[in-house]
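Student: Quick one, what's the 3D model for this:
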Amino acid sequence: MKFKIKRTNKFIKQYTKMIKQKHFKEDEFVKVLSYLVNNEVLPTKYHNHLLEPKKNRNLGMSYST
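Tutor: Numbering: from 1, shown residues only. Model prediction:
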């Protein structure tokens, strides 16, 4: 399943803040965004973590610490 990115006002504001940071790498951001759009599991380099509550978790990863 492929997702679509919707550019909301909140996204635009946060993106403009990120661009101003000197350690921001746009090519890395685009790479991670493409992983998320294609519903792929992020590599360990990007510290994949769950954002949803426990009852809504639906990723192919371990939930234990």
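
Student: where's E40 relative to H23, distance?
Tutor: Distance, E40 to H23, by Cβ to Cβ, to the nearest Å: 24 Å. Every C-beta, even on glycine, is put in place using the N, C-alpha and C of the backbone.

Student: for I5, same thing?
Tutor: For I5, the distance to H23 equals 23 Å [Cβ to Cβ].

Student: So for these two, which residue has more residues nearby?
Tutor: I5 (10 against 5; other Cβ atoms under 10 Å).

Student: out of everything not next to it in sequence, what's closest to the more buried one?
Tutor: The shortest distance from I5 to any non-neighbouring residue, by Cβ to Cβ, 6 or more residues apart in numbering, is to V37 (6.2 Å).

Student: surely the one you found meets K2?
Tutor: Yes. In this structure V37 lies within contact range of K2 using Cβ atoms under 8 Å: 6.4 Å.

Student: Check which helices and strands the helix or strand containing K31 sits against.
Tutor: Per DSSP states H and E, K31 falls inside helix 26-37. The contact analysis (3 or more Cβ pairs under 8 Å, 6 or more residues apart in numbering; DSSP states H and E) places helix 26-37 against no helix or strand.

Student: Would you mind writing the CA trace of that helix as CSV?
Tutor: Presented in CSV, the C-alpha positions along helix 26-37 are these (Å, rounded to 0.1, in the frame of the first residue of the first chain):
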residue,chain,number,x,y,z
GLU,A,26,17.5,17.3,2.4
ASP,A,27,18.6,14.1,0.5
GLU,A,28,18.3,12.1,3.8
PHE,A,29,14.9,13.6,4.5
VAL,A,30,13.7,12.6,1.0
LYS,A,31,15.0,9.1,1.5
VAL,A,32,13.2,8.6,4.8
LEU,A,33,10.1,10.1,3.4
SER,A,34,10.1,7.7,0.5
TYR,A,35,10.4,4.8,3.0
LEU,A,36,7.4,6.1,4.8
VAL,A,37,5.3,6.7,1.6
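
Student: What's the mean pLDDT across it?
Tutor: Average pLDDT, helix 26-37: 90.

Student: got a list of contacts for it?
Tutor: 2-5, 18-19, 41-43, 46 (Cβ atoms under 8 Å, 6 or more residues apart in numbering).

Student: tally of neighbours for the residue nearest to I5?
Tutor: 12.
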